[in-house]
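**Student:** this is a predicted model, with the sequence first.
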Amino acid sequence: MSCSITRWWVAVAWIDRILNEGSRRVEEVEVFYGEGTAISADLKRRNVNLAIRSDECGLGIRTIDKGRIGSSTTHDPKRWRECLDAAIASGRLATPQQWGGLPRQSEFMNETLCYDPTLPITPQMASGLLGKMLEGASKHPADVTSGSATVSSTNETVANSNGVRYTSRHTGVSVSLEAIKGQSTGSEFAQSCYYDIDPYSVGERAAFFASQSAGGTDIQTGKYDLLLSPIAYAELLGAAFIPALSGRNVHAGRSHLASQLGEPIIDPQISIYDDPFRQKGLGSTFWDAEGMPTRRVEFVRDGTLSSFAYDLRTAYRYGKESTASAIRSGAHGGTGIGHHNFIVDGPRTAVADERVVYVHSVVGAHTANPMSGDFSVEISNAFWMEGGEFQAPIRSAMLAGNVFAMHKETGGISEEVRQIGSLVLPSIRLISQRIIGT
């Protein structure tokens with residue numbers, strides 16, 4: 001979701017017709033409507049392809065009647081009657097559950113969190129971003145293999161039969177580039193809802209990792225202090241730690257943390273929370289995908305597990321309170337439990353001053369066991385680092401460990417943070433982690 005609030009204008013007033021018609025047939029109706037424009041341009045080696053414009057819209061309808069929840073979506077809002085019929089029909093087949101009602105209208109600050117009205121959604125903008133990445137990549141002896149740049153603008157509306165009428169706007173800019181030298185590859189990306197990214201740096205770093213990783217030395221099997229970049233950290237967090245905070249997984253017996261609420265689970269210097277009001281956060285919003293007013297959710301406070309995430313459906317089912325953690329992957333995806341801006345925080349230190357193994361990214365994080373947290377991944381673009389400077393590259397090796405155990409005692413987190421999708425992460429220094437040399 002996004003956060004530039006606009007008034008309920010005539011362009012979406014037709015949604016009231018859906019709500020009125022649906023309310024005559026079921027107890028409650030919810031409507032989600034999204035429309036947007038994106039301009040994308042790609043690189044094939046150093047050749048810029050023509051920028052492509054895509055315009056998309058989608059309508060999602062959810063109905064609730066006697067605890068039975070139905071849903072349906074369509075690419076064509078003019079077919080809303082068929083979509084409504086399908087949602088009601090699916091609800092008749094659903095198993096009844098505890099339900100306490102959709103939210104009612106609330107008042108919010110008229111503040112822009114993730115909308116840049118000055119961002120040009122033009123082919124020239126997308127192509128220009130590619131050109132700046134190529135310029136940066138030319139600083140190192142590596143071949144560009146591919147790249148992309150996208151600028152976008154979207155409007156999203158949430159409305160229901162209890163009076164909710166919210167509309168928000170969101171802009172986005174993202175770039176990525178991949179490079180190669182011999183058998184060594186490197187990649188980098190950046191994304192924001194404002195035009196405050198540095199495409200030159202993205203190109204330069206991708207080419208740096210490709211060129212400097214070539215001819216790396218072997219590392220002996222053993223235990224080492226590691227410095228995970230925000231990219232590598234995000235991959236491991238997303239594989240096991242974040243899913244364990246979902247209330248649905250907790251009550252379904254699929255969370256390693258289910259029985260540890262109120263107990264210390266990680267380094268007491270670290271806190272983990274969801275901040276939906278972060279300025280320029282990619283997930284910033286005053287309401288969630290169900291129209292619930294959002295709030296900061298403290299998952300882990302000073303190392304102690306404080307909360308799990310809930311949407312309305314899961315909260316009602318298990319007698320909990322919604323944390324306004326409902327998200328939606330576009331109009332054609334159903335609601336689910338997630339987060340808005342997932343932040344790892346704590347005292348900041350110079351984590352790269354002392355000698356450490358730097359890991360830019362990992363391969364195979366998706367194979368981690370989401371219940372136990374055990375993982376075995378290949379480290380990519382790894383270097384010895386000391387005094388904050390990259391030193392000798394390390395040839396391919398494996399990292400084996402446990403996502404939960406690695407947080408028990410850390411060597412601190414970096415002053416710099418980076419936005420990886422809806423995650424806002426530092427680099428994190430991990431003590432005595434097992435690397436398997438090749």
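**Tutor:** Noted; the coordinates are in hand. What you see is a predicted model; the values in this text were computed from it and never measured.
**Student:** surely Pro199 meets Ser174?
**Tutor:** No: counting by CB atoms under 8 Å, Pro199 sits too far from Ser174 to count as a contact (10.1 Å). (C-beta placed from N, C-alpha, C; glycine too.)
**Student:** between those two, which one's more packed in?
**Tutor:** The neighbour comparison of Pro199 against Ser174 (other CB atoms under 10 Å) goes to Pro199, with 23 against 20.
**Student:** and the gap between that one and Lys280?
**Tutor:** Per CB to CB, to the nearest Å, Pro199 is found 17 Å from Lys280.
**Student:** now do the SS call for Pro141.
**Tutor:** Per DSSP: H, G, I helix; E, B strand; the rest coil, the local secondary structure of Pro141 is coil.
**Student:** name the element the closest residue to it other than its chain neighbours belongs to?
**Tutor:** Leaving aside its sequence neighbours, Pro141 sits nearest to Ser211 (CB to CB, 6 or more residues apart in numbering; 5.2 Å). Assigned by DSSP states H and E, Ser211 belongs to helix 199-213.
**Student:** list the buried ones in that helix?
**Tutor:** 199-200, 202-213 (16 or more other CB atoms under 10 Å).
**Student:** how about stretch 400-412?
**Tutor:** Using 16+ other CB under 10 Å as the test for burial, stretch 400-412 gives 401-404, 406-407, 410-412.
**Student:** intersection of neighbour lists for Pro199 and Ser174?
**Tutor:** 149, 190 (CB atoms under 8 Å, 6 or more residues apart in numbering).
**Student:** residues contacting Glu298?
**Tutor:** 271, 273, 306-307.
**Student:** name the element it belongs to?
**Tutor:** strand 297-301.
**Student:** need the next SSE after that strand, C-terminal direction.
**Tutor:** That would be, after strand 297-301 and using DSSP H and E, strand 304-305.
**Student:** what helices and strands are in contact with that next one?
**Tutor:** For strand 304-305, the contact count by 3 or more CB pairs under 8 Å, 6 or more residues apart in numbering; DSSP states H and E identifies no helix or strand as a packing neighbour.
**Student:** got the contact list for it?
**Tutor:** Residues contacting strand 304-305 (CB under 8 Å, 6+ apart): 257, 260-265, 268, 299.
**Student:** residue ranges with poor pLDDT in the stretch 201-350 of the chain?
**Tutor:** Residue ranges of the stretch 201-350 of the chain with pLDDT under 70: 331-332.
**Student:** please, where are all the strands along it?
**Tutor:** 222-228, 271-274, 297-301, 304-305, 326-328, 335-337, 342-345 (DSSP state E, counting those that start in this stretch).
**Student:** so which of those strands gets nearest Val362?
**Tutor:** Taking CB to CB, strand 222-228 is the member of these nearest to Val362, at 8.2 Å.
**Student:** can you give me the buried ones in the closest one?
**Tutor:** 224-228.
**Student:** strands paired with that strand, and their directions?
**Tutor:** Using DSSP bridges, the strands paired with strand 222-228 are strand 356-363 (parallel), strand 423-436 (antiparallel).
**Student:** so for Arg24, which of these sits nearest?
**Tutor:** Of those, nearest to Arg24 by CB to CB is strand 423-436, at 43.0 Å.
**Student:** now the closest one, how far from the centre of its chain.
**Tutor:** Centroid separation for strand 423-436 versus its chain: 19 Å, with CA atoms, centre = their mean, to the nearest Å.
**Student:** any idea of the mean pLDDT in it?
**Tutor:** Strand 423-436 shows an average pLDDT of 97 in the prediction.
**Student:** let's see it as PDB, backbone CA atoms only.
**Tutor:** Taking C-alpha atoms only, strand 423-436 is exported to PDB below (Å, rounded to 0.1, in the frame of the first residue of the first chain):
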ATOM      1  CA  LEU A 423      12.700  -4.500   4.400                       C
ATOM      2  CA  VAL A 424      14.900  -1.700   5.800                       C
ATOM      3  CA  LEU A 425      18.100  -3.400   6.900                       C
ATOM      4  CA  PRO A 426      21.700  -2.700   8.000                       C
ATOM      5  CA  SER A 427      24.600  -5.000   7.400                       C
ATOM      6  CA  ILE A 428      25.000  -7.300  10.400                       C
ATOM      7  CA  ARG A 429      28.100  -8.800  11.900                       C
ATOM      8  CA  LEU A 430      27.700 -12.500  12.900                       C
ATOM      9  CA  ILE A 431      30.100 -14.200  15.300                       C
ATOM     10  CA  SER A 432      31.600 -17.600  14.700                       C
ATOM     11  CA  GLN A 433      29.600 -18.800  11.700                       C
ATOM     12  CA  ARG A 434      30.500 -22.000   9.900                       C
ATOM     13  CA  ILE A 435      31.900 -21.700   6.400                       C
ATOM     14  CA  ILE A 436      32.600 -24.900   4.300                       C
END
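**Student:** what's stretch 190-199 in contact with?
**Tutor:** Stretch 190-199 is touched from outside by 2, 114-116, 118-119, 129-130, 132-133, 136, 149, 170-176, 201-202, 280-282, 284, 419, 421, with contacts defined as CB under 8 Å, 6+ apart.
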